[in-house]
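Undergrad: show me how the following folds:
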Amino acid sequence: MNINPQVTQPTIATTVNPPTDSLRRENVQREVISQTTAPSYSAAEKGVATEKERVRTPAQNVEEGIDFAAIQEQAELENSTISERQPGQQQSEQNASSGSQQVADENGEENEDANANNDQSSERSTSERQQSANPNELTPQEQQLVQELRARDLEVRAHEQAHDTVGGRYTGAPQLEYETGPDGKRYAVEGEVSVDLSIPDSPEETVAKMRKVYQAALAPANPSAQDLRVANKASRAIADAQSEISRARLSESVEENDLSKPLGGGGPQITSLDELESQTSSEFDAQIAATIAAQEQITAEPSRADEINQRAERVETFYLAINQAYDPPAKNNFVIQA
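TA: Predicted structure coming up:
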């Protein structure tokens, strides 16, 4: 009995024969090169003349086969052809210009007609306005109405201008209401001026502002009812501000005098404003009385000593005796009455 053992031999990869799948993959990944096309040839350009060709003389060019006479004849022929074509072109241009001139003349005539019509219409409208605005052609009632409107216009403008001028920055610009008269003109018939009646923070500023407003309200010669109302409001605001200023000054004087201490060092203690006023008035009266007494003492006759008085009496008696010595004696006159 023969036994043949099977021995598994490992496969050894060789680098001489690569696998078929790797070759297939490389063929797939290989770039495809497109087939080249035949180039298209362009016309050959004339090369740049060499230094030798540029220094050639005309005689050398003739020797090489260049005929300048033929070239000159060809140029003259072309010039003659161009000169023959120019008269035709000039004729066509003249025809075209004459046609355009004719069209322009026609358009100009139409424009002149239109302008003439417009001028006539404008003249008619102007004459109509002049006729309507001419005072000589108005009726007597219309002329009287125009005069009244003119007077009212002057009055309204002067009235509002007075407010604006005196009020200054506390008044706004005049706003007028107009009415068209029979003569076609506009006349001011009503007007108003805005005024700032707001109260400032301090009473001093309030007094200054409201005085300005009061003057502006009464600035016109004939103030209206509204002007009088504004002036009344301004006067009330002035009175309130002045009373506030007086209270502030009185409180300051009370603080300076210190009501908790008696006046004059040993006087009675004052606890209210009424007592302060009475005390102040009594002190004032006492001061006035002292002043009057001092004036009386100054105006009174000065006192003299007794010796001086005796001398004065002796002198007066001496001169009195002399006067009596020269006086005539008294006559006895008897009067009988029946």
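Undergrad: contacts only, for the nearest residue to Ala162 once chain neighbours are set aside.
TA: Using C-beta to C-beta, 6 or more residues apart in numbering and skipping residues adjacent in sequence, the residue nearest Ala162 is Ala219, 4.1 Å away. The way it works is simple: take the backbone N, C-alpha and C, and place the C-beta from them, glycine included. The contact partners of Ala219, taken as C-beta atoms under 8 Å, 6 or more residues apart in numbering, are 162-163, 165-167.
Undergrad: rerun at 6 Å
TA: 162-163, 166 (C-beta atoms under 6 Å, 6 or more residues apart in numbering).
Undergrad: go on, His163?
TA: Shown in contact with His163 (C-beta under 6 Å, 6+ apart): 171, 193, 216, 219.
Undergrad: with adjacent residues omitted, what lies nearest to Lys233?
TA: Nearest one to Lys233, counting by C-beta to C-beta, 6+ apart, is Leu197 at 6.2 Å.
Undergrad: separation between Asp183 and Glu177?
TA: Asp183 sits 18 Å away from Glu177, going by C-beta to C-beta, to the nearest Å.
Undergrad: go on, Leu145?
TA: Separation of Leu145 from Glu177 (C-beta to C-beta): 17 Å.
Undergrad: and for Ala158?
TA: Ala158 is 16 Å from Glu177, by C-beta to C-beta.
Undergrad: same deal with Asp153?
TA: Counting by C-beta to C-beta - Asp153 and Glu177 are separated by 11 Å.
Undergrad: more crowded one of the two?
TA: Taking other C-beta atoms under 10 Å, Asp153 and Glu177 do not tie; Asp153 has more neighbours (20 against 11).
Undergrad: was I right to think that one contacts Ala188?
TA: Yes - assessed by C-beta atoms under 6 Å, Asp153 is found in contact with Ala188 at 4.7 Å.
Undergrad: lowest average confidence, helix or strand, in the protein?
TA: Every helix and strand of the chain was ranked by mean pLDDT, DSSP states H and E. The lowest is helix 58-63, at a mean of 55.
Undergrad: wait, a strand at Tyr178?
TA: Yes - counting by DSSP: H, G, I helix; E, B strand; the rest coil, Tyr178 is located in a strand.
Undergrad: who does it form a beta bridge with?
TA: When assigned by DSSP bridges, Tyr178 has beta-bridge partners Ala188.
Undergrad: distance of it relative to Ala286?
TA: 72 Å.
Undergrad: same question for Glu204.
TA: Distance from Glu204 to Ala286, by C-beta to C-beta: 35 Å.
Undergrad: neighbour count for these two, which is higher?
TA: Neighbour tally, Glu204 and Ala286, criterion other C-beta under 10 Å: the higher count belongs to Glu204, 13 against 10.
Undergrad: may I see the buried residues of the host helix or strand of that one?
TA: Counting by DSSP states H and E, the element that carries Glu204 is helix 203-217. Residues 203, 206-207, 209-210, 212-214, 216-217 are the ones in helix 203-217 that count as buried (16 or more other C-beta atoms under 10 Å).
Undergrad: now Ala158: closest residue in space, sequence neighbours ignored.
TA: Per C-beta to C-beta, 6+ apart, closest to Ala158 is Pro220, 7.4 Å.
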